[in-house]
Each structure stands twice: as C-alpha cells, then as structure tokens.
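Novice: after the sequence you'll find the predicted model.
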Amino acid sequence: MFTKIADNDDPYVASMEGISTLCEDLGIDPMEDVRILVLMWKMGANKTPAQINKDEWIQGCTKLQVDSIDKIKALLPSLDTGFLDQTEFKDFFKVRTQGCF
C-alpha cells in the first residue's frame with residue numbers, strides 16, 4: 001500500500017500528495033475529515049509535519065492490524081475523536097498543536 005502513496009522523488013516518504021491519494025482511496029476529504037489526522041497519529045507519524053515515512057507506515061499498519069485499504073476503511077469509525085479516551089485525546093491534541101501533520 002505504501003508504494004502507491006510514496007513520493008516519486010523519495011520512495012521512503014509519503015507527503016501531502018500521497019496522503020491525499022490515500023484519502024481518495026478511503027473516500028474521505030483530507031481537508032474536512034479529522035480522521036485522517038487521527039489515523040496518521042495512531043500510525044506514529046508524529047516526527048515530521050505533513051508526512052509519514054515507510055517505517056512509521058509499516059509499524060502503524062502492524063499496530064492497527066491493517067494490511068489493506070478495506071481494513072483501513074473499516075477502522076475509520078473508531079478514528080472519530082469522540083471515541084478517543086481522555087489520555088489519547090490529550091496526546092493527539094498535543095501533537096497536532098505542535099505542528100505535526
């Protein structure tokens with residue numbers, strides 16, 4: 001899955017263009033749907049703003065037990081911020097306000 005969203009000039013990184021492609025595949029709007037931010041956070045994309053690297057992607061997919069777009073789609077309802085417990089929401093909010101993704 002990662003190769004489809006990876007940057008052409010750096011196949012180890014997926015930046016905004018690749019994340020937008022992922023959103024299209026998931027049927028969500030990257031500008032309106034907060035679940036893409038929650039997904040990237042849960043996958044560990046917290047180091048560099050607006051991108052995920054291949055290691056983060058692999059570790060995140062393993063952690064979330066997803067290996068296909070259909071499995072990520074099935075995960076989407078649980079990514080609504082209303083379903084995050086208090087500790088998760090604090091961590092999510094902290095990372096988001098620090099400018100990552």
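Specialist: Thanks, I have the structure now.

Novice: quick check, central residue of this structure?
Specialist: For the chain, the residue nearest the mean C-alpha position is Met40 (2.2 Å; CA atoms, centre = their mean).

Novice: look up the pLDDT of it for me, please.
Specialist: pLDDT, Met40: 91.

Novice: one more: Pro30?
Specialist: 89.

Novice: list the contacts of it.
Specialist: Counting by CB atoms under 8 Å, 6 or more residues apart in numbering, Pro30 makes contact with Met16, Ile19, Ser20, Cys23, Ile36. C-beta here means a position set from N, CA and C on the backbone, and glycine is covered the same way.

Novice: what about the closest residue to Gly27 other than its chain neighbours? Give its phi and psi, please.
Specialist: Nearest non-adjacent residue to Gly27, counting by CB to CB, 6 or more residues apart in numbering: Lys73, 7.2 Å away. Dihedral angles of Lys73 (phi, psi; degrees, to the nearest 10) stand at phi -60, psi -40.

Novice: what pLDDT does Lys73 get?
Specialist: So, for Lys73, pLDDT stands at 97.

Novice: shouldn't it be in contact with Cys23?
Specialist: No. Applying CB atoms under 8 Å as the test, Lys73 and Cys23 come out as separate, 11.3 Å apart.

Novice: those two: who's more crowded?
Specialist: Cys23 (19 against 14; other CB atoms under 10 Å).

Novice: name the residues that touch the helix or strand encompassing the more buried one?
Specialist: Using DSSP states H and E, Cys23 maps to helix 16-26. For helix 16-26, contacts defined as CB under 8 Å, 6+ apart pick out 4-7, 14, 29-30, 33, 36, 40, 50-52, 69, 72-73, 76.

Novice: mark which of the residues you listed are buried, thanks.
Specialist: Among the contacts of helix 16-26, the ones that count as buried by 16 or more other CB atoms under 10 Å are Ile5, Ala6, Ala14, Pro30, Asp33, Ile36, Met40, Gln51, Ile52, Ile72, Leu76.

Novice: how about a markdown table for those residues, with secondary structure and distance to Gln65 added?
Specialist: A markdown table is the format used below for the buried ones among the contacts of helix 16-26 (DSSP: H, G, I helix; E, B strand; the rest coil; distance: CB to CB, whole Å):
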| residue | secondary structure | distance to Gln65 |
| --- | --- | --- |
| Ile5 | helix | 19 |
| Ala6 | coil | 22 |
| Ala14 | strand | 20 |
| Pro30 | coil | 23 |
| Asp33 | coil | 22 |
| Ile36 | helix | 19 |
| Met40 | helix | 17 |
| Gln51 | coil | 23 |
| Ile52 | strand | 17 |
| Ile72 | helix | 11 |
| Leu76 | helix | 14 |
